[in-house]
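# got a sequence here, can you model it:
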Amino acid sequence: MALVTQNQAALRAAPRDSAPQQAVLWQGDALEVRGQRMDYLKVYDHRRERAGYIKATQVREISLDPAQSAELLSVVRFLRDTPGAEALGIGYAAAYLQAVPAAALTAEPFDALGSMADRLARRASAQQSPVNETIVSAHLEVAAQYGIVMRSFERDGAMQICYDGEMFRRALALPADAAQSARAALGLTRHECVDPNLGPTDRYQLNLWRAQVLDRPPLAGLTEQQRNRLRIRRAGVWSAIAFAQARRGASPHAAAERALEELAAVDKTELSDQDGIDYTDAAVRVGSSRWAAEPVVKRPGRLWAQTVSGAPGEICVLLEDARHDIRNPLLRRCTFATVWAASASSNAAGTALALAVQPLETWRELWVFHQSVTGWKVDVLPPGASVVDLGYIELAGWVPGSDRLLTALEIKADGQFRRRFAVLSLDTLAVQKQASRPDLLVLFRRWQDAQWKRDTVAVR
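Next comes the predicted model:
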């Protein structure tokens, strides 16, 4: 057989440059060699069910003799980490699996196949020029002929393409070293490849499985960078589990603590540029659910919040003080989101209370109950004004003797992360001052809440 090594290679009807073109071939296309005429090979393309001639310089003839399997594997090792050559590498890996004796089969070719398929999926999901988009589409078709399955769904208005991970699963089923297990675990647990249409139960079961897969690679046999990548992914997965357990009525404390521990264990001095982005992503995910790790303890103050059941699936927040109890609250507000009662914090004057409310596993809002001329009301502060699916905003402290509060937020919008610390007016919740670091704001240096500073992941 032969593998096409160049993109847009012409399959012609005769062994001449002037002969009509039968088809356009791409890197990785497999051809059956049936002879040679001058500097052309006579071949048959089983995928297109078409015979023809192709220049010998545009293909590489290979043998499926078991004695030649080591040579094929050496090419696979070279192409595994070569960006843009995924389709050709997949073709060589498939040829190696046909040639290698069953007794000599290891996890390495499956690790290589999974790595190349995963990288090809990421290329296909990224924005491309029209020329590159044509090449990537053709490479996806080539990969499909070798049994590589891609899944696609819409996310944030764009098409997300993901590898289904079959080769990674096979690698984990065979004796594999720590690095191979880590690559397989990371390839199988990408956050962006979780189907957004999954229901809560299916998503929860998937996250439990992802956590089990990520716990399989032994950290002892990995480099610090590989350990960091596993810890970063684990942190994001366990934060999602904590949120789901709270929604199911189970205790989320252990899962939330695990998420915080994994995030804290990351060695930030060993983060590459891409790993730094992934670390920030994990921090926002953990920050969204971090209140799951806190016990529900009534904090001192003139106001407090109590939660009671409302309609099926609904929880109601009752705002109370010394003269208004559960039977006659100052204000009642119901929601289908998760209310973190441990976050309730009242200002010293007893005119406002802030509460963390989380409707989604990666999205947490701040409810501000405060007194106005018409009575008590509650305003909802989202992390961002635009539609984003990753972010949180939290209370960082009250400014005594004034109608101001301190907030911290982190969001991801349009692929960019943003972190802001702000001073807000209690009456209008308008931003009076903001900065990228809390130490740049005088009021933050003086009045930030000690418990917030101890527990938040916004300052890391």
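
# show me the chain divided up by domain.
Following automatic domain parsing, one gets these domains for the chain: 2-61, 177-293, 299-455.

# buried deepest among those domains, which one?
Mean neighbour count (mean count of other Cβ atoms under 10 Å) peaks for domain 177-293 among the domains of the chain, with a mean of 19. Where C-beta positions appear, they are placed from N, C-alpha and C, glycine not excepted.

# would you mind measuring the gap between the ends of it?
34 Å (Cα to Cα, to the nearest Å).

# got the domains of the chain as a markdown table, with mean pLDDT columns?
What follows is these, written out as a markdown table (pLDDT from 0 to 100):
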| stretch | mean pLDDT |
| --- | --- |
| domain 2-61 | 95 |
| domain 177-293 | 96 |
| domain 299-455 | 92 |
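
# which of those domains sits closest to residue 114?
Nearest of those to residue 114, taken as Cβ to Cβ: domain 177-293 at 5.4 Å.

# tell me how far that closest one lies from the chain's centre.
Chain-centre distance of domain 177-293: 9 Å, with Cα atoms, centre = their mean, to the nearest Å.

# can I get the domains of the chain in TSV including distance to residue 129?
Output for these, formatted as TSV (distance: least, Cβ to Cβ, whole Å):
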stretch	distance to residue 129
domain 2-61	14
domain 177-293	21
domain 299-455	18
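
# which residues in the chain form helices?
Taking DSSP state H, the helices of the chain run over residues 69-80, 86-99, 108-125, 130-145, 166-173, 178-188, 200-214, 224-247, 253-264, 273-289, 442-447, 450-455.

# could those go into a markdown table alongside distance to residue 359?
As requested, the helices of the chain are exported to a markdown table (distance: least, Cβ to Cβ, whole Å):
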| stretch | distance to residue 359 |
| --- | --- |
| helix 69-80 | 42 |
| helix 86-99 | 38 |
| helix 108-125 | 27 |
| helix 130-145 | 36 |
| helix 166-173 | 33 |
| helix 178-188 | 28 |
| helix 200-214 | 12 |
| helix 224-247 | 10 |
| helix 253-264 | 17 |
| helix 273-289 | 10 |
| helix 442-447 | 27 |
| helix 450-455 | 21 |
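
# out of the ones you listed, the one nearest residue 410 is which?
Using Cβ to Cβ, the helices of the chain put helix 273-289 closest to residue 410, at 4.9 Å.

# neighbouring contacts of the closest one?
The contact list for helix 273-289 (Cβ atoms under 8 Å, 6 or more residues apart in numbering) reads 191, 225, 228-229, 232-233, 235-236, 239-240, 242-243, 246, 252, 256, 259-260, 263, 266, 268, 271, 358, 361-364, 390-392, 394, 410-412, 417, 456-458, 460.

# so how far is residue 11 from residue 39?
Per Cβ to Cβ, to the nearest Å, residue 39 is found 15 Å from residue 11.

# so what does residue 100 look like in phi/psi?
Note on residue 100: its backbone torsions stand at phi -70, psi 140 [degrees, to the nearest 10].

# leaving out chain neighbours, which residue sits closest to it?
Spatially, and ignoring its direct neighbours in sequence, residue 100 is nearest to residue 69 (4.2 Å; Cβ to Cβ, 6 or more residues apart in numbering).

# number of residues surrounding that neighbour?
Around residue 69 there are 21 other residues, counting by other Cβ atoms under 10 Å.

# then the one 10 residues further on?
Applying other Cβ under 10 Å, we find 22 residues neighbouring residue 79.

# check contacts around it.
Residues near residue 79 by Cβ under 8 Å, 6+ apart: 85-86, 88-89, 92, 116.

# from these, pick the one nearest residue 21.
Proximity of those to residue 21 (Cβ to Cβ) peaks at residue 88, which lies at 21.3 Å.

# pretty sure that closest one is touching residue 29, no?
No: in this structure residue 88 lies outside contact range of residue 29 using Cβ atoms under 8 Å: 9.2 Å.

# so what sits against both of these two?
3-4.

# with adjacent residues omitted, what lies nearest to residue 218?
Residue 218's closest residue in space is residue 178 (Cβ to Cβ, 6+ apart), at 5.1 Å.

# list the residues that contact that neighbour.
217-222, 226.

# got those residues as a markdown table, with distance to residue 320 columns?
Converted to a markdown table, the contacts of residue 178 look like this (distance: Cβ to Cβ, whole Å):
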| residue | distance to residue 320 |
| --- | --- |
| 217 | 49 |
| 218 | 51 |
| 219 | 48 |
| 220 | 52 |
| 221 | 55 |
| 222 | 51 |
| 226 | 51 |
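
# just give me the closest of those to residue 135.
Relative to residue 135, the closest of the contacts of residue 178 is residue 226; by Cβ to Cβ it sits at 30.4 Å.

# wouldn't the closest one be in contact with residue 180 here?
No: Residue 226 lies out of contact with residue 180 (Cβ under 8 Å); the separation is 10.7 Å.

# could you point out which of the domains of the chain sits nearest residue 123?
Counting by Cβ to Cβ, residue 123 lies closest to domain 2-61 out of the domains of the chain; the figure is 13.0 Å.

# endpoints of the closest one, how far apart?
4 Å.

# what residues are up against residue 400?
347-348, 447.

# so which of those residues comes closest to residue 128?
Among the contacts of residue 400, and counting by Cβ to Cβ, the member closest to residue 128 is residue 447, at 49.2 Å.

# against residue 338, how distant is the closest residue to residue 308 other than its chain neighbours?
Spatially, and ignoring its direct neighbours in sequence, residue 308 is nearest to residue 316 (5.3 Å; Cβ to Cβ, 6+ apart). Distance from residue 316 to residue 338, counting by Cβ to Cβ: 13 Å.

# contacting residues around the nearest residue to residue 184 once chain neighbours are set aside?
Among residues not flanking residue 184 along the chain, residue 168 sits closest, at 4.0 Å (Cβ to Cβ, 6+ apart). Neighbouring residues of residue 168 by Cβ under 8 Å, 6+ apart: 110-111, 114, 118, 183-185, 187-188.

# what's the most distant pair in those?
Using Cβ to Cβ, these span at most 13.5 Å, a distance reached by 110 and 185.

# correct me if wrong: residue 438 contacts residue 447.
No: the pair residue 438 / residue 447 is not scored as a contact, 10.7 Å apart, by Cβ under 8 Å.

# for residue 17, see how far away residue 130 is.
Applying Cβ to Cβ to residue 130 and residue 17 gives a distance of 27 Å.
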